[in-house]
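Colleague: task: produce atomic coordinates for the following.
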Amino acid sequence: MRHSKSQLLLLLPAAAVFLLFLLLPLLTVIAESFRTFTPGRIGAVAGAPLTIKNYTEFFGPVYARYFGQTYVLAFFASVIAIIIAFPVAYYIAKNASASARKVWISALIGLMFLSALVRIYAIELTFGSVGILAPFTSFFGVNMNGSAYINIIIIVGLLHYAIPISILIMIGAILNLNPRLTEAAQSLGASAIESHLSVTIPLCIKGIVSAFLVSMTFGVSAFAIPWILGRGRVQFISNIIYSRFSEVSNYPSGAAISIIMMILSLLTIFIISKIATFFDRT
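Modeller: Residues are numbered from 1 along each chain as shown. Take a look at the predicted model:
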C-alpha cells in the first residue's frame with residue numbers, strides 16, 4: 001500500500017502538467033467553439049449564447065476543399081515516405097554494421113533538427129519559378145504555376161519531414177524481426193521477394209503503421225510548407241485556423257475547425273489501426 005502511494009505521488013507532477021497545459025486548454029477550445037461570434041470583436045463576448053453554427057458552416061464545399069487538400073496531400077506524402085523509407089530502414093537494420101548504423105541514425109536525427117524554413121526555401125530555390133531547375137521544367141513545358149505542380153512541390157516539402165522520421169521508426173521494427181522466419185519461408189520454397197512480401201512486411205506492419213501515422217500527423221498539421229510552397233493557392237487547415245485566430249479574430253470559428261480536425265485525426269488513427277490489426281501477423 002505504501003509503495004503504491006509513493007508511485008501515485010511520483011505521477012502527480014506529470015498529471016498536473018497534463019491537466020494544466022493539455023486538458024484545460026483543450027476544454028477551453030471546446031467551450032469557445034460553441035460561442036456566438038460578433039463581428040468586429042476579438043473572440044466571443046463574455047456570456048455569449050451557445051450555437052452550433054460554427055460547426056455547421058464547415059459542411060459547405062469551400063471548407064470541404066480545404067480539408068480535402070490537407071488530408072489528401074498528407075496521405076500521399078505519407079505513402080510515398082513509407083515506400084522510400086522502408087528499403088532504407090531495412091538496409092540500415094540488416095546490412096549496415098553497428099558503427100555504420102550509429103552514423104546513419106545520428107545523421108537522420110541531425111536532419112530532423114534542421115530548420116524548417118531552411119528546408120522550405122531550399123525546395124523553393126530548387127523547384128520554384130526562379131529555381132535552378134526552372135530552365136529544365138520550362139524546356140519540357142511544365143507549368144510551374146499549375147495546381148498539379150504546386151501540389152507536387154508541397155508533397156516534396158512534406159517528405160523532408162516524413163522520410164527521416166519514418167526511417168527512424170521502422171529501423172526499430174525491423175531490428176526486432178526474427179530472421180529465422182524469413183529463412184524458414186525460403187527453405188520451404190519461397191523466393192527472396194516472396195518471403196519479403198509475405199513474411200517480412202506483414203511482421204513489420206506495426207512499425208509501418210506507426211511511421212505512417214506520425215507522417216500523417218506532420219502532414220495535416222503543416223503550416224509553413226503549404227503557406228510558402230503553396231504560394232497562396234493551397235491552404236491547409238492549419239492556415240485556416242491561423243487566419244481565423246489572428247486575422248479576423250473569430251476565435252469560435254477557429255476553435256471549431258480545431259475540434260473538427262482533431263476528430264478527423266482520431267477517426268483516421270482508429271481506421272488505420274483496425275486495418276493494421278487485420279493484417280498483423282505477430
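Colleague: distance of L168 from Y161?
Modeller: 12 Å (C-beta to C-beta, to the nearest Å). For glycine as for every other residue, the C-beta is placed from the backbone atoms N, C-alpha and C.
Colleague: ok, the two, which is more surrounded?
Modeller: Y161 (23 against 20; other C-beta atoms under 10 Å).
Colleague: how about the lengthiest helix in the chain: buried residues?
Modeller: Identified as the longest helix of the chain according to DSSP state H is helix 61-94. Across helix 61-94, burial judged by 16 or more other C-beta atoms under 10 Å covers 66-67, 69-71, 73-78, 80-82, 85-86, 88-93.
Colleague: packing partners for that helix?
Modeller: helix 98-112, helix 147-175, helix 205-220, helix 237-242, helix 251-279 (3 or more C-beta pairs under 8 Å, 6 or more residues apart in numbering; DSSP states H and E).
Colleague: any weak-confidence spans in the stretch 101-250 of the chain?
Modeller: For the stretch 101-250 of the chain, no stretch has pLDDT under 70.
Colleague: again, 80 this time
Modeller: Along the stretch 101-250 of the chain, segments meeting pLDDT under 80 span 128-131, 133-134, 137-142, 144, 178-199, 232.
Colleague: so which strand or helix has T182?
Modeller: In this structure, T182 is located in helix 179-187 according to DSSP states H and E.
Colleague: just checking, what packs against whatever helix or strand comes next after that helix?
Modeller: For helix 179-187, the following helix or strand on the C-terminal side (DSSP H and E) is helix 192-195. Counting by 3+ C-beta pairs under 8 Å, 6+ apart, the packing neighbours recorded for helix 192-195 are helix 179-187.
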